[in-house]
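Participant: What shape does this take:
(2 chains)
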Amino acid sequence: KNQVEQSPQSLIILEGKNCTLQCNYTVSPFSNLRWYKQDTGRGPVSLTIMTFSENTKSNGRYTATLDADTKQSSLHITASQLSDSASYICVVRDQTGANNLFFGTGTRLTVIP
Amino acid sequence: ETGVTQTPRHLVMGMTNKKSLKCEQHLGHNAMYWYKQSAKKPLELMFVYNFKEQTENNSVPSRFSPECPNSSHLFLHLHTLQPEDSALYLCASSPASASGSVYEQYFGPGTRLTVT
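Facilitator: Numbering: from 1, shown residues only, chains lettered A, B, ... in the order given. Here you go, the predicted structure:
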């Protein structure tokens, strides 16, 4: 069964600290993986997309990694800011159809001053 | 106005009411989607439209009825809903919905629906 699991479910960190969010998936055959940021009361916004051949991709203070062999991805946030408080959703697309997107339940990050 | 907009942002309705959610995209995309987001659950794809044609219906109950009059507008008509239908309903659009594509889906802010 194709699944995407994220951990932790929630996380509280102090402003300025780093954190890493995890995403494990069983989706096959794999096409790509996206990390989305969803602010409260808003729709998800894409942060990064990674395909099979990519190991690392950065977007400002956000760095995503992908290990296609172990089917794991991580999102590392450096020097966190209060505006990083949001839910981070891992989404994996397979190759079997246009709309086969598999969503994780998200990690709720709270950055406190 | 740019991006994907949704109205209303909040809706409270009784189980016997009929209401409609509206989505509009200003990105020139050809595919539009309805998702349901419930607390602590993954986003659930409900419907997909490509070039105004419905291409996917993920076993959604008939009390949800989509309508796509053109590539820029998408509606979700609601009738005789249940309390468990309370959720955030997200609309999204993408350039197209082609097999194997990596097109990003752009989401609207959602409509928070409460069924009483």
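Participant: The residue nearest the centre of chain B and chain A, how far apart?
Facilitator: Ranked by distance to the mean C-alpha position of chain B (Cα atoms, centre = their mean), the top residue is B:Trp34 at 2.6 Å. As defined by Cβ to the nearest Cβ, to the nearest Å, B:Trp34 lies at a distance of 12 Å from chain A. Heads up, the C-betas are built off the backbone N, CA and C, glycines and all.
Participant: For that residue, give the beta-bridge partners.
Facilitator: As for beta bridges, B:Trp34 partners with B:Phe47, B:Cys91 under DSSP bridges.
Participant: now do B:Ala87
Facilitator: Beta bridges link B:Ala87 to B:Leu113 when assigned by DSSP bridges.
Participant: hmm, back to that, the residue nearest to the centre of chain B and B:Pro66 touch, don't they?
Facilitator: Yes: B:Trp34 is within contact range of B:Pro66, at 6.2 Å (criterion: Cβ atoms under 8 Å).
Participant: what residues are shared contacts of these two?
Facilitator: Common neighbours of B:Trp34 and B:Pro66, counting by Cβ atoms under 8 Å, 6 or more residues apart in numbering or on different chains, are B:Met46, B:Phe47, B:Leu74, B:Leu76.
Participant: Among these, give me the pair with the biggest separation.
Facilitator: In these, the most distant members under the criterion Cβ to Cβ are B:Met46 and B:Leu74, with 10.9 Å between them.
Participant: so where do the helices sit in the chain?
Facilitator: Reading this off chain A. For chain A, applying DSSP state H gives no helices.
Participant: For it, which residues are neighbours of chain B?
Facilitator: Taking Cβ under 8 Å from any Cβ of the partner chain as the criterion, the neighbours of chain B within chain A are A:4, A:9, A:31-32, A:34, A:41-46, A:49, A:51, A:89, A:93, A:95, A:97-99, A:101-106.
Participant: filter these to the buried ones?
Facilitator: Neighbour-count burial within those applies to A:4, A:31-32, A:34, A:43-44, A:46, A:49, A:89, A:93, A:98-99, A:101-106; the criterion is 16 or more other Cβ atoms under 10 Å in any protein chain shown.
Participant: what ranges do the strands span in the chain?
Facilitator: Assuming you mean chain A. Ranges of strands within chain A are A:4-7, A:10-14, A:19-25, A:30-38, A:45-51, A:56-59, A:62-67, A:72-77, A:86-94, A:101-103, A:107-112, based on DSSP state E.
Participant: could you do chain B instead?
Facilitator: For chain B, strands defined by DSSP E occupy the ranges B:4-7, B:10-13, B:18-25, B:31-37, B:44-50, B:53-57, B:64-70, B:73-79, B:87-94, B:106-107, B:111-115.
Participant: Mind putting those into TSV with mean pLDDT and distance to A:Val27?
Facilitator: As requested, the strands of chain B are arranged in TSV below (pLDDT from 0 to 100; distance: least, Cβ to Cβ, whole Å):
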stretch	mean pLDDT	distance to A:Val27
strand B:4-7	96	25
strand B:10-13	95	33
strand B:18-25	97	27
strand B:31-37	94	18
strand B:44-50	91	14
strand B:53-57	81	18
strand B:64-70	95	26
strand B:73-79	96	27
strand B:87-94	95	19
strand B:106-107	94	20
strand B:111-115	96	29
